[in-house]
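Enquirer: With the sequence up front, the predicted model follows.
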Amino acid sequence: MTEAHEDQWTAPAANAALDATVRVPGSKSITNRAYVLSALASAPIRVRVPLDSRDTRLMLSALATLGARSEQTADGFLVHPLDAAGVRGDEVTVTMGNAGTVARFTPALASLGNIPVRFDGDEAIRRRPIGPLLTALRRVGARIDDEGRGAPPFTVHGDGGLRGGKVDLDSSASSQFLSALLLAGPSFDQGVTVRLVGDAPPSEPHIAMTLDMLRRFGATVERDGSEFHVSPSKLSCPEYVVEPDLSTAAPFAAAAVVTGGTVRVQGWPKHTTQPGDWLRSLLPALGAKVTLDDSGLAVTGGPAIPGVELDLHEVGELTPVIAAMLCFAEGPSLISGVAHLRGHETDRLTALATELSGLGAGVTETADGLRITPAPLHGGVFHTYDDHRLVMAAAVLGLRVPDVRVENPGTVGKTFPGFTSTWAGLVG
Ligand SMILES: O=C(O)C1=C[C@@H](OP(=O)(O)O)[C@@H](O)[C@H](O)C1
Ligand SMILES: C=C(OP(=O)(O)O)C(=O)O
């Protein structure tokens with residue numbers, strides 16, 4: 001798992017249509033949910049072929065801080081149930097890095113313990129939205145001290161359990177607020193009933209993933225439109241096998257599209273809740289042919305990429321790679337529905353408009369997306385703002401644009417340590 005350790009990585013150019021097969025690491029979203037649900041189970045649970053990356057290590061270490069230790073196994077981790085008695089000291093600290101899943105999913109678990117837990121992380125996580133989740137957690141009984149910031153750093157004062165019950169939640173800034181309440185719901189005395197208020201949350205597939213995984217861990221979950229109920233229960237699951245990360249697969253599929261070649265992604269599940277599965281319908285709109293069979297997903301790029309209008313509200317994390325592909329389209333494109341990307345690892349709309357324009361494309365921000373007018377591209381430095389998906393987007397551009405120099409490529413380790421060497425292997 002080597003990574004480009006230099007400050008800059010020149011993304012390799014493809015001299016011909018690609019013909020390659022890749023295997024991508026496990027899903028970040030599934031891995032971190034599996035770890036959280038295992039910590040709430042009544043017996044240790046084996047999580048197999050999980051992602052091993054910055055975000056998943058942060059999750060395991062957050063759970064260990066809260067009293068759920070884990071042991072490495074041949075193909076993953078054995079996660080032990082939370083044991084608050086094992087946590088000692090006047091106060092402990094959970095380091096969230098810039099992992100949305102750690103920041104949103106673990107504070108509720110801290111309420112189940114008995115000592116104050118301070119949450120903090122990278123500078124960027126202090127800017128990402130979390131206020132509505134902290135408010136909802138307080139309404140179901142949590143004691144959280146954020147000195148009025150509605151943002152990290154904050155301290156959760158555990159009382160050995162959480163009442164739970166009914167709560168209204170505005171999850172329009174991030175679906176992870178809703179997922180957080182639902183994932184922890186089985187451990188609340190009364191379970192949890194969440195009624196969504198305000199605009200609809202983004203990332204519906206991630207909400208479906210939360211419901212699906214809760215059920216696989218034996219929880220009773222009901223949904224009636226925008227109202228969700230999770231009953232109190234101890235969780236169990238014989239073992240959990242993590243799917244490959246289909247959002248990480250996006251740049252590899254995009255490589256087929258922009259070079260007019262073929263890329264096969266091994267292990268693509270036939271049925272999944274992952275947002276990356278939307279690529280099976282999105283890529284044909286970009287002129288590609290897509291086939292799914294027992295060996296995985298094969299993507300073959302067409303002779304040209306048409307300009308398109310895409311609402312990516314439900315699959316926002318695909319935006320950077322899709323925006324990169326659209327810089328090679330025959331005509332202008334409009335991406336909409338992704339205002340919430342301004343609260344991701346960085347303001348992704350500003351970052352993409354700045355960096356894609358910096359290489360010559362005509363890219364402007366709208367209130368909720370990007371307008372992309374293709375133009376001849378040239379090499380230059382592509383800044384990545386500590387955002388793994390910007391490294392992936394830059395790699396796609398570099399296939400057809402010589403001398404794209406990607407700044408801080410190691411930041412891709414948030415979800416795919418080793419990305420640059422796998423990518424170099426793909427291009428050959
Ligand atoms: O629950 C999850 O695992 C995620 C939900 C989404 O967050 P938002 O709803 O904040 O976009 C997604 O973008 C993120 O990468 C992972
Ligand atoms: C938004 C993302 O990450 P996080 O889990 O930190 O929210 C992402 O991976 O695109």
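Expert: Now that the structure is in, tell me what you want to look at. Ligands and ions are numbered 1, 2, ... in the order given.

Enquirer: burial of the closest residue to ligand 2 within the chain, as a residue count?
Expert: As assessed by Cβ to the nearest ligand atom, ligand 2 sits closest to residue 100 within the chain, at 2.4 Å. (Each C-beta comes from the backbone N, C-alpha and C, glycine too.) Counted with other Cβ atoms under 10 Å, residues neighbouring residue 100 total 25.

Enquirer: Which pLDDT value belongs to it?
Expert: We note a pLDDT of 98 for residue 100 in this prediction.

Enquirer: try residue 2
Expert: pLDDT, residue 2: 45.

Enquirer: For the residue of the chain closest to ligand 2, list the residues it contacts.
Expert: The contact partners of residue 100, taken as Cβ atoms under 8 Å, 6 or more residues apart in numbering, are 128, 174, 176, 344.

Enquirer: now those as a markdown table including secondary structure and distance to residue 17?
Expert: Shown next, in a markdown table, are the contacts of residue 100 (DSSP: H, G, I helix; E, B strand; the rest coil; distance: Cβ to Cβ, whole Å):
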| residue | secondary structure | distance to residue 17 |
| --- | --- | --- |
| 128 | coil | 39 |
| 174 | coil | 38 |
| 176 | helix | 38 |
| 344 | coil | 32 |
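
Enquirer: Identify the farthest-apart pair in those residues.
Expert: Spatially, the most separated pair among the contacts of residue 100 is 176 and 344, at 10.8 Å (Cβ to Cβ).

Enquirer: Now do the phi/psi pair for residue 74.
Expert: Per-residue torsions, residue 74: phi -60, psi -40 (degrees, to the nearest 10).

Enquirer: hang on, the earlier thing: contacting ligand 1 as well, which ones from the contacts of residue 100?
Expert: Among the contacts of residue 100, the ones lying near ligand 1 by Cβ under 6 Å from any ligand atom are 174, 176.

Enquirer: What's the ChimeraX line that selects buried ones from the contacts of residue 100?
Expert: With 16 or more other Cβ atoms under 10 Å as the criterion, this ChimeraX line picks the buried residues out of these:
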select :128,174,176,344
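
Enquirer: Just name the closest of the contacts of residue 100 to residue 119, please.
Expert: Each of the contacts of residue 100 was scored against residue 119 by Cβ to Cβ, and residue 128 proved nearest at 12.3 Å.

Enquirer: on that earlier part again, closest one of the contacts of residue 100 to ligand 1?
Expert: When the contacts of residue 100 are ranked by distance to ligand 1 (Cβ to the nearest ligand atom), residue 174 comes first, at 3.2 Å.

Enquirer: Grab the nearest non-local neighbour of the closest one.
Expert: Setting aside the residues directly before and after it, residue 174 is nearest to residue 129 in space (Cβ to Cβ, 6 or more residues apart in numbering), at 5.9 Å.

Enquirer: what does residue 285 give?
Expert: residue 308 (5.5 Å).

Enquirer: Kindly provide the distance from the one you found to ligand 1.
Expert: As judged by Cβ to the nearest ligand atom, to the nearest Å, residue 308 and ligand 1 stand 21 Å apart.

Enquirer: What's the local residue count around that residue?
Expert: Applying other Cβ under 10 Å, we find 19 residues neighbouring residue 308.

Enquirer: can you check residue 15 too?
Expert: Neighbours of residue 15 (other Cβ under 10 Å): 10.
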